[in-house]
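Visitor: just the structure for this:
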Amino acid sequence: MSDSQDAVCVSFDDEQLVLVDADDVVTGHCSKALAHVGAGLLHRAFSVFLFADADTVLLHRRAAAKPLWAGFWTNSVCSHPRRGETYAFATRRRLKEELGVSAELECLYRFEYHAAFADKGSEHELCSVFVGRLGRDQRVCPNPTEIAEWAWFDCAEVDRRVADAPGGFTPWFLLEWARLRGEFRPRVEQICSRGMVRASVA
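Guide: Model (predicted):
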């Protein structure tokens, strides 16, 4: 089931992000705009993957107004903790803001990546990857300022699309999907088989 939220902006150039070192130790704060200029400044981020079951995942295509990787397909939700927010709070907030849903999440791993988007800026992020379960009958209300399109996909179909046309996906999604379908696949299957799990990152 799906409805659209009102087109309410939930991302702001001046929102304060959390700068960190490679060990996730806070080194300062700066605006989201500044964090993505040029080569970018290393900051906290997160990616959320929502599964209906171990073989079905919710993906979305980024809205046309997004400054980086607009129109690319990516994971269910991706964003940043703001200054003063925990990962748990930020992920809950963003699920509501982007999809209008709630889900219990588990953090599987954290990694650093760096990707430039033409001359428009870069992502230099220490990204925590969360997984949760969402029933296919739960109402999804995408925010059109963030999401141009969304769908439930068979994971094998995603594998084929990634192999055939990787350029249609965000660079962080490609890195994360490979690990979710590889070393973390047994954990994803456990999460989906037992249903809801508790968040494991504060």
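
Visitor: next, count neighbours for the residue lying closest to Leu174 once chain neighbours are set aside.
Guide: Of all residues not flanking Leu174 in the chain, Pro166 sits nearest, at 5.8 Å (Cβ to Cβ, 6 or more residues apart in numbering). Just so you know, the C-beta spots here come from the backbone N, C-alpha and C atoms, and that holds for glycine as well. Using other Cβ atoms under 10 Å, Pro166 has 12 neighbouring residues.

Visitor: quick check: phi and psi on Pro166?
Guide: The phi/psi pair for Pro166 (degrees, to the nearest 10) reads phi -60, psi -20.

Visitor: pLDDT weak spots in the chain?
Guide: 1-7, 9-12, 195-202 (pLDDT under 70).

Visitor: show me where it has strands.
Guide: Secondary structure of the chain by DSSP state E: the strands cover 16-20, 26-31, 43-53, 56-62, 73-74, 77-79, 105-117, 121-133, 147-154.

Visitor: buried deepest among the ones you listed, which one?
Guide: Stretch with highest mean neighbour count among these: strand 77-79 (a mean of 24; mean count of other Cβ atoms under 10 Å).

Visitor: coming back round to it: quick check, the residue nearest to Leu174 in contact with Trp177.
Guide: No - in this structure Pro166 lies outside contact range of Trp177 using Cβ atoms under 8 Å: 9.9 Å.

Visitor: hang on, the earlier thing: quick check: the residue nearest to Leu174 vs Phe72, distance?
Guide: Applying Cβ to Cβ, to the nearest Å, the value for Pro166 to Phe72 is 11 Å.

Visitor: coming back round to it: measure the residue nearest to Leu174 to Arg187 for me?
Guide: 24 Å.

Visitor: what residue, apart from its backbone neighbours, is nearest Tyr109 spatially?
Guide: That would be Val129: by Cβ to Cβ, 6+ apart, it lies 5.6 Å from Tyr109.

Visitor: go ahead and confirm the one you found touches Leu108.
Guide: Yes - at 5.2 Å, Val129 counts as touching Leu108 under the criterion of Cβ under 8 Å.

Visitor: identify the contacts common to these two.
Guide: Common neighbours of Val129 and Leu108 (criterion: Cβ atoms under 8 Å, 6 or more residues apart in numbering): Leu180.
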